[in-house]
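Q: Please work out how this folds:
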Amino acid sequence: MKKKTRVGIIGAGTMGSGIAQVASTARCDVQLFDDHQDALTRSRANLEKVLSRLVEKGKIDDAQSKEVAANIHYDTNFNDLVDCDIVFEAIIEDAEIKEKFFCQMEEMVREDCVLATNTSSLSITSLAACLKRPERFIGAHFFNPAPLMKLVEIIPAVQTEAETTSRVRALIDGWGKRTVLAKDTPGFIVNKVARPFYGEALRILEEGIADPPTIDWAMTELGGFRMGPFQLMDFIGNDVNYAVTESVFKAF
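A: Residues are numbered from 1 along each chain as shown. Model prediction:
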């Protein structure tokens, strides 16, 4: 029997939990880590609700639901990531905090373990610079909600080995995602394109041209977008969206 890929995930928030669901559905052995037990408790409860709905809709059967749930192990012990094949970080968009985590992780994981960040806008090369072995570091940017969104941006740092890039793409492609290779530029592809989408919508509102429902209606009904800019900002969270905008602005 083929050995299960052991996937570590740092952060049991929306993105970390979503990536955990994707990996566990692909029959990986997932170790979901968070400092806060309440975050892990919420993540487990939310997954149970999601799986229950999928069973009700006939998307999966009860046996599959139980298998997905059983593939995820919830843990506050950082040291349990030691045997992972790849570790994804999905915590706050703060470079210093991320660097601190990766420096800790590098000292405990195996030499062949890949370290990946889910940052949506921070420089992958800058984050990699704090590591002793930056060649195994890479950006793997999933989109919210991770179980539904097909696209994943793969962003190698300047220091990333080609083998690391190929390995991560093959893994995530195998999870049913559509990976695209992006350069390590501010916002990568999607968030660079998205800044004017939100910014111009806010400017239209500020100038009194239209209110948020009208702007959203125009973009969905006439523009063909799945969600309007204000609906999407609410969904993402204005705190997260602002942090990404600020990061891209500073980088440019």
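Q: Mind listing what's buried along stretch 207-214?
A: Of the residues in stretch 207-214, Pro212 count as buried by neighbour count, 16 or more other Cβ atoms under 10 Å. Where C-beta positions appear, they are placed from N, C-alpha and C, glycine not excepted.
Q: How about residues contacting it?
A: Applying Cβ atoms under 8 Å, 6 or more residues apart in numbering, the contact partners of stretch 207-214 are 201, 204-205, 218, 228, 230.
Q: Name the single longest helix found in the protein.
A: Taking DSSP state H as the assignment, the helix of the chain that covers the most residues is helix 37-56.
Q: Check which helices and strands that one is in contact with.
A: Contact partners of helix 37-56 among helices and strands, from 3 or more Cβ pairs under 8 Å, 6 or more residues apart in numbering; DSSP states H and E: helix 14-25, helix 62-70, strand 72-75.
Q: could those be laid out in a markdown table, adding mean pLDDT and distance to Lys192?
A: Formatted as a markdown table, the helices and strands packed on helix 37-56 follow (pLDDT from 0 to 100; distance: least, Cβ to Cβ, whole Å):
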| stretch | mean pLDDT | distance to Lys192 |
| --- | --- | --- |
| helix 14-25 | 96 | 19 |
| helix 62-70 | 95 | 34 |
| strand 72-75 | 96 | 33 |
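Q: ranking the ones you listed by burial, who's on top?
A: Across the helices and strands packed on helix 37-56, averaging neighbours per residue (mean count of other Cβ atoms under 10 Å) puts helix 14-25 on top, at a mean of 24.
Q: Now do Arg27 against Arg6, distance only.
A: Taking Cβ to Cβ, to the nearest Å as the measure, Arg27 falls 12 Å from Arg6.
Q: more crowded one of the two?
A: Comparing Arg27 with Arg6 by other Cβ atoms under 10 Å, the one with more neighbours is Arg6, at 19 against 14.
Q: For the more buried one, give me the pLDDT.
A: According to the predicted model, the pLDDT of Arg6 comes to 96.
Q: That one bridge partners, please.
A: Under DSSP bridges, the beta-bridge partners of Arg6 are Asp29.
Q: can you pull the contacts of it?
A: Counting by Cβ under 8 Å, 6+ apart, Arg6 touches 28-29, 31, 83-85.
Q: Give me the below-cutoff pLDDT ranges for the protein.
A: 1-2 (pLDDT under 70).
Q: Look up how far Ala63 lies from the residue nearest in space to the middle of the chain.
A: Centroid-nearest residue in the chain, with Cα atoms, centre = their mean: Phe142, separated by 3.8 Å. As judged by Cβ to Cβ, Phe142 and Ala63 stand 27 Å apart.
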